[in-house]
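Asks: Can you look at this prediction? I've put the sequence above it.
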Amino acid sequence: MPQITIYTDGSAKGNPGPGGYGIVLLSGSHTKEVSEGFRHTTNNRMELLSVIVALELLKFSPSDVVIYTDSKYVADAVEKGWVFNWVKTNFKNKKNSDLWKRFLLIYKKHHVKFQWVKGHAGNPLNERCDRLAFGAASQENLSIDSWFEENQATV
């Protein structure tokens, strides 16, 4: 089973505001960086979307995956089991239900463990993801976070 290490980060300039995510995937001697920016979103959406996109990029299923994130929101929701309880209530009164549902679809295909890392504390790959996320949010012609823009009055 492939062993994959993933670093992720999300960013929003304003919350909500322009946002982006950054990903660094490591597998053996291979490294891949991915980022994307959105015109109107939140930092938590970008933190979660970075994890989703990273898992969706994996070519082999199942893979053993360790995800390093500075997002307590994402890491705790999974590692402490909160998201699995949210499923039982159909995500009632939970933000980002669209992304959590998408996350669970890809999460089930792999063996995933989350490792929280302190942000802006000198971890080189976490810092790289931060630069990727911020850079993506700073681009012109940003993507549209359609679900958020259509539902932001209710989230």
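Replies: Received the coordinates, thanks.

Asks: Who are the contact partners of the nearest residue to Gly119 once chain neighbours are set aside?
Replies: Leaving aside its sequence neighbours, Gly119 sits nearest to Asp70 (Cβ to Cβ, 6 or more residues apart in numbering; 3.4 Å). In this view, the C-beta of every residue, glycine as well, is placed from N, C-alpha and C. Residues in contact with Asp70 (Cβ atoms under 8 Å, 6 or more residues apart in numbering) are 9, 116-120, 126.

Asks: Most widely separated two among the residues you listed?
Replies: Farthest apart among those by Cβ to Cβ are Trp116 and His120. That separation is 13.6 Å.

Asks: how about the helix-or-strand element of the chain with minimal mean pLDDT: buried residues?
Replies: Counting by mean pLDDT, DSSP states H and E, the chain has its least confident helix or strand at helix 146-151, which shows a mean of 94. For helix 146-151, the neighbour count (16 or more other Cβ atoms under 10 Å) marks 147-148 as buried.

Asks: what's that helix in contact with?
Replies: 16, 40-42, 45, 98-99, 155.

Asks: Of these - the most surrounded one?
Replies: With neighbours taken as other Cβ atoms under 10 Å, the top of those is Thr41, carrying 30 neighbours.

Asks: my guess is that residue contacts Gly19, does it?
Replies: Yes. The pair Thr41 / Gly19 is scored as a contact, 4.0 Å apart, by Cβ atoms under 8 Å.

Asks: Spit out the residues that contact these two alike.
Replies: Counting by Cβ under 8 Å, 6+ apart, the contacts common to Thr41 and Gly19 are 12, 145.

Asks: Which single one of the contacts of helix 146-151 is nearest to Ala136?
Replies: Closest to Ala136, out of all of the contacts of helix 146-151 and judged by Cβ to Cβ, is Thr41, at 11.1 Å.

Asks: who are the neighbours in contact with that closest one?
Replies: Contact partners of Thr41, counting by Cβ under 8 Å, 6+ apart, are 12, 16-19, 145, 148.
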